[in-house]
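S.K.: Here is my input; please provide its structure:
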Amino acid sequence: MELETPLRTLLSPLGLDLYDVEMTSGTLNITVTREGGVDLELLTKANRTISEWLDTNEPVSGHYTLDVSSPGLERRLRTPSHFRSTIGEVVTLRERRGDEPTRRLEGTVLDADETTVTLQDESLGRVVVVQANVERARTVFKWGAEAKPSPSRGKATSGRKG
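M.R.: Numbering: from 1, shown residues only. Down below sits the predicted model:
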């Protein structure tokens, strides 16, 4: 059974968007997002709602663990829509290149469609990568913004108290 449509329907009343669904190693990973972020209370509601629906409809056979989470600061990129949502952001990715060594790229996403992503790589310039050749990709979060000048910087001091 296709899960994306029913999950989107379940999450919408909670104000959440479905970011990703993936079954790995006996865990059904459901990633949700929302403008402004997702808090623990909302993740708990989403987990309960999805769990109840899964118990009633049994779309996944066998034993598995449900994990509902937010994508975090550095989001994993797997689908064309993930790449499209990062236009203008910095990403890092590993590109498989047949007989050549895997290439690691980091740069700003300039464009993305159903099959390719175009980056402005820091050292290689403009690079077009076929998404099917992407081994792993994620957004890059830069810790610590540029320091704002303090009010006392740049002001001359006379050394006298007035």
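S.K.: which ones are touching residue 117?
M.R.: 83, 93, 109, 111, 128-129, 131, 134 (CB atoms under 8 Å, 6 or more residues apart in numbering). Yep, even glycine has a C-beta here, placed from its N, CA and C like the rest.
S.K.: out of those, which are inside strands?
M.R.: Using DSSP state E, 93, 109, 111, 128-129, 134 are the members of the contacts of residue 117 that sit in strands.
S.K.: which residue ranges form the helices in this structure?
M.R.: Ranges of helices within the chain are 4-11, 40-57, 80-84, based on DSSP state H.
S.K.: right, so the ones you listed: which one is the most enclosed?
M.R.: The highest average neighbour count among those, using mean count of other CB atoms under 10 Å, belongs to helix 80-84 at a mean of 18.
S.K.: what does that helix contact?
M.R.: Residues contacting helix 80-84 (CB under 8 Å, 6+ apart): 19-20, 75-77, 109, 112-115, 117, 131, 137.
S.K.: export that helix as PDB, just CAs?
M.R.: Output in PDB follows, covering the C-alpha atoms of helix 80-84 (Å, rounded to 0.1, in the frame of the first residue of the first chain):
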ATOM      1  CA  PRO A  80      13.400  15.300  -6.300                       C
ATOM      2  CA  SER A  81      11.100  17.300  -4.100                       C
ATOM      3  CA  HIS A  82      13.700  17.300  -1.400                       C
ATOM      4  CA  PHE A  83      16.300  18.800  -3.800                       C
ATOM      5  CA  ARG A  84      13.800  21.300  -5.200                       C
END
